[in-house]
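In: just need the structure, nothing else, for what follows:
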Amino acid sequence: MWGNDQKTLSKSIRFSGIGLHSGAKVSMYLEPTEADVGIVFKRTDLKKNNNIKANFKNVSSARLCTKIENEFGVSVSTIEHLIAAFYICGIDNLIVNIDGPEVPIMDGSAKEFVEKIKDTGLKKLNKNRKFIKIIKKSEIKLSDKWISIEPANNNFSIKFTLSYENPLIKTQTNSTNFEDKNLEDFYSARTFCLYEDIEKVKSLGLGKGGTLENAVVVQGDKVLNEGGLRSKNEFVNHKILDLIGDFMLAGMRVIGSVECAHGGHSLTNDFLRKVLSDKNNFTIIENINNVTNLQKARSEQKRIAVNA
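Out: Residues are numbered from 1 along each chain as shown. Model (predicted):
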């Protein structure tokens, strides 16, 4: 899956662009760091109290994007595509220096983030990774929205279903796991919206930086973007990308099988808070080989119990 060693970037990477919701220009550079630091956002436009740990407990808003905030009220939003790229590429520790309150949206996906990280390469750190191994099924249901996770073998998998009352999107289901070598359909899937929802989003003070260059817009049964969709499942694939990013906020890689229907950032954050607040739901594994050893031990315990 990702191996046992914690990793960071081999050298710094720079990005610039505009915020999808703020419309503000922003510059960002990703800085390698040492083991056990995790992912930390640093607001370089502020002189103090400007570090924000990327953790589910620090999510202050999940309306149309994921926003994290520290105890001093300093925040950064729309982090989900960037940290999904970290999850996909295997980065555990990084300082994200950013001179504004929102991560640049780039083309609406994680494609540029992933490609630059892969081109730059990673550095192994002399410290084992820790994994969250799910040992008990958990779920949340809210009307037609639900999300669940259950124990799995030595991997992390996601199955997602979305439904829109739209003749193009309709109902889509797709799945992936992190033993797959090619995740391009997922990290290149762009954020999207219905044409008729644009004014509603803007009335909330959001979407100020949205254009056909960074979001897929659907009107009726047509995609308004030149070139159309990148894949037939781009809509549901983007939802999976968002979910990957939100799971990065667990603070460790998760070993478990996730299923979600009609969910979003808010539901995922509520779910992480529920699952990780109860130690009966999971165990911490410091070495991926220990997962296999644990599974073997439990199988042997069951065998002995049956034969007793």
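In: neighbours of the closest residue in space to residue 124 that isn't next to it in sequence, how many?
Out: In space, not counting the residues next to it along the chain, residue 124 is nearest to residue 5; the distance is 4.4 Å by C-beta to C-beta, 6 or more residues apart in numbering. For the C-beta atoms, the positions are set from N, CA and C on the backbone; glycine is no exception. Neighbourhood size, residue 5 [other C-beta atoms under 10 Å]: 16.
In: who does residue 5 bridge with?
Out: On the basis of DSSP bridges, residue 5 is bridged to residue 128.
In: my read: it touches residue 122, true?
Out: No. Judged on C-beta atoms under 8 Å, residue 5 makes no contact with residue 122 at a distance of 9.4 Å.
In: joint contacts of the two?
Out: By C-beta atoms under 8 Å, 6 or more residues apart in numbering, residue 5 and residue 122 have no common neighbours.
In: the closest residue to residue 156 other than its chain neighbours: neighbour count?
Out: Excluding its sequence neighbours, the residue lying closest to residue 156 (C-beta to C-beta, 6+ apart) is residue 178, at 4.9 Å. When neighbours are defined as other C-beta under 10 Å, residue 178 has 19 of them.
In: do residue 212 as well
Out: 13.
In: return the distance of it relative to residue 107.
Out: Residue 212 sits 11 Å away from residue 107, going by C-beta to C-beta, to the nearest Å.
In: quick one, domains of the protein?
Out: Domain segmentation of the chain under automatic domain parsing yields 5-128, 131-289.
In: please, which helix or strand holds the residue nearest in space to the middle of the chain?
Out: The C-alpha lying nearest the average C-alpha coordinate of the chain belongs to residue 245 (C-alpha atoms, centre = their mean; 0.7 Å). Secondary structure assigned from DSSP states H and E places residue 245 in helix 234-248.
In: helices or strands up against that helix?
Out: Using 3 or more C-beta pairs under 8 Å, 6 or more residues apart in numbering; DSSP states H and E as the contact criterion, the neighbours of helix 234-248 among helices and strands are helix 80-89, strand 156-163, strand 171-177, helix 184-187, strand 192-194, strand 253-261, helix 265-276.
In: for the third one, what is the average pLDDT?
Out: Mean pLDDT, taken over the full extent of strand 171-177, equals 96.
In: quick one, strands of the stretch 1-150 of the chain?
Out: 5-9, 13-18, 25-31, 39-43, 51-53, 59-61, 67-69, 75-77, 94-98, 122-128, 131-134, 138-142, 145-150 (DSSP state E, counting those that start in this stretch).
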